[in-house]
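Colleague: Sequence and predicted structure, then a few things I'm wondering about:
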Amino acid sequence: MERLFDSLVPIMGIVFSFGIPGAIVLWVLYSRHKERMRLIEKGVTAQELKEFLATENLKKIKPSYSYLKFGLILGSLGLGIFVASVIENIYEISEGIQWGIILIFLGLGFLTYYLIVNTKQSGEKTDSKS
């Protein structure tokens, strides 16, 4: 039985190495096809779509801060883990305090995100009023 599992490891490695990227490529192509079919059903031509995207309509779309949020959260999580491990090695603290330090840094990341988005949105409101 062990020989069977030993021989399956390289086979599964090859299948997953080529199968997962292949599935992702097929998914992208399929979703692009579905999007184009929806545009054809709506009666939108390629020229109309290019004109729409090139005009001011694209500027009216509000910016999304999701990448900023994920960057700040992951960065603060990494910083929290780093600081917790350094403090653990220096002071030999218990594991519960490490989790507290990590959660404090996560909270600081969320607060930083809130402050940045809040100031950006209040700046946009004052710009639109004038």
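Modeller: Nice, I can see it. Numbering: from 1, shown residues only.
Colleague: what about this protein, any weak spots by pLDDT?
Modeller: Applying pLDDT under 70 to the chain flags the ranges 1, 52-63, 127-130.
Colleague: domains of it?
Modeller: Here the domain parsing of the chain from automatic domain parsing is 1-57, 62-130.
Colleague: deepest of those, which one?
Modeller: Highest mean neighbour count among these (mean count of other C-beta atoms under 10 Å): domain 62-130, with a mean of 13. Where you see a C-beta, it was placed from the backbone N, CA and C, and this is true even at glycine.
Colleague: measure residue 119 to residue 113 for me?
Modeller: 11 Å (C-beta to C-beta, to the nearest Å).
Colleague: right, I mislabeled it, should have said residue 88
Modeller: 27 Å.
Colleague: Figure out the helix or strand that residue 44 lives in.
Modeller: Assigned by DSSP states H and E, residue 44 belongs to no helix or strand.
Colleague: Quick one: residues contacting it.
Modeller: Listed by C-beta atoms under 8 Å, 6 or more residues apart in numbering, the contact set of residue 44 is empty.
Colleague: Centre of the chain to stretch 121-128, how far?
Modeller: 26 Å (C-alpha atoms, centre = their mean, to the nearest Å).
Colleague: Ignore what I typed, I meant stretch 12-23.
Modeller: That offset, for stretch 12-23, works out to 23 Å (C-alpha atoms, centre = their mean).
Colleague: before we move on, what about stretch 2-18?
Modeller: For stretch 2-18, the distance to the chain centre is 31 Å (C-alpha atoms, centre = their mean).
Colleague: Alpha carbons only: can I get that stretch in PDB?
Modeller: Extracted in PDB, the C-alpha atoms of stretch 2-18 (Å, rounded to 0.1, in the frame of the first residue of the first chain):
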ATOM      1  CA  GLU A   2       2.900   2.300   0.800                       C
ATOM      2  CA  ARG A   3       4.300   1.800  -2.700                       C
ATOM      3  CA  LEU A   4       1.000   2.900  -4.200                       C
ATOM      4  CA  PHE A   5       1.100   6.200  -2.300                       C
ATOM      5  CA  ASP A   6       4.800   6.700  -3.200                       C
ATOM      6  CA  SER A   7       4.100   6.300  -6.900                       C
ATOM      7  CA  LEU A   8       1.100   8.600  -6.700                       C
ATOM      8  CA  VAL A   9       3.000  11.600  -5.300                       C
ATOM      9  CA  PRO A  10       4.800  12.500  -8.500                       C
ATOM     10  CA  ILE A  11       1.700  11.900 -10.600                       C
ATOM     11  CA  MET A  12      -0.400  14.100  -8.300                       C
ATOM     12  CA  GLY A  13       2.400  16.700  -8.400                       C
ATOM     13  CA  ILE A  14       2.300  16.800 -12.200                       C
ATOM     14  CA  VAL A  15      -1.500  16.900 -12.300                       C
ATOM     15  CA  PHE A  16      -1.800  19.700  -9.900                       C
ATOM     16  CA  SER A  17       1.100  21.700 -11.400                       C
ATOM     17  CA  PHE A  18      -0.500  21.700 -14.800                       C
END
